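K.L.:
would you be able to build a 3D model of this:
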Amino acid sequence: MPPSTTPSSQTGSSQSPSSETATWVIVLCGGASRRMGGEDKTRARLGATTVLDRLLDTLPSCWDVVCVGEERPTTRAVTWRRESPPGGGPVAGIAAGLLALDSSVCVVVGGDMPFAATTLTLCYLTLQASPGDDGVLGIGPDGRTQPLLAAYRTAALRRAMPAVSRGARLMSLLDAMQLGEVPCEPESALDVDTPEALEHARHIVGA
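P.N.:
Numbering: from 1, shown residues only. Okay, here's the model as predicted:
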């Protein structure tokens, strides 16, 4: 499936897994950003780039990316999909992303999590080493599970999808799954969904 943008250099990307761990990652970019005054949080400036591009450029280069949301130029080649209806919530976004991929394992992340790449890689590799698990989720320093900072077996994720994905509760996808966990640093779990979180992210990158 051809990407909708031209690829960029991967200079500065996080260390990639070996070629045997190539997979797809679903990046959700369709949130309403109400706590950001209605401005698209994934487009917010973060140093010399944007919140979304900071995430995309640090994901392993061997991962194919499907972004779910309003199509826009990105620094990395991605495939774009749109949830139905637009703004239908994260479960609808994941459902749209699943239609674009054919790998046995997929990674899922919020497009407003610019520092997630290291934990996502660890989730993926942990799942590969845990054949009895349907997924592996990042666990933040506060003990909260992060379903949008995770790796899943694609078949299990598809089975968990409700008949109507619009407005479905995200945590309900996990009810029937056998899940592992990996701890993550505060930066990895940071989602830029408030002006204060954006300022914190800019402080991290020295902007």
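K.L.:
neighbours of the closest residue to Arg43 other than its chain neighbours, how many?
P.N.:
Excluding its sequence neighbours, the residue lying closest to Arg43 (C-beta to C-beta, 6 or more residues apart in numbering) is Thr50, at 5.5 Å. Where C-beta positions appear, they are placed from N, C-alpha and C, glycine not excepted. Neighbourhood size, Thr50 [other C-beta atoms under 10 Å]: 22.
K.L.:
against Val66, how distant is Thr50?
P.N.:
18 Å (C-beta to C-beta, to the nearest Å).
K.L.:
ok, Lys41 next?
P.N.:
Lys41 is 19 Å from Val66, by C-beta to C-beta.
K.L.:
quick one: which of the two has more around it?
P.N.:
Of the pair Lys41 and Val66, Lys41 is the one with more neighbours under other C-beta under 10 Å, namely 27 against 22.
K.L.:
go ahead and confirm Trp63 touches Ile26.
P.N.:
No: using C-beta atoms under 8 Å, Trp63 makes no contact with Ile26, being 10.5 Å away.
K.L.:
please identify every residue contacting each of the two.
P.N.:
Val107 (C-beta atoms under 8 Å, 6 or more residues apart in numbering).
K.L.:
higher neighbour count, these two?
P.N.:
Neighbours were counted for Trp63 and for Ile26 using other C-beta under 10 Å; Ile26 has more, 26 against 22.
K.L.:
against Ala207, how distant is that one?
P.N.:
Remark: distance between Ile26 and Ala207 (C-beta to C-beta) = 27 Å.
K.L.:
likewise for Val192?
P.N.:
Val192 is 12 Å from Ala207, where distance means C-beta to C-beta.
K.L.:
anything in contact with each of these two?
P.N.:
Leu46.
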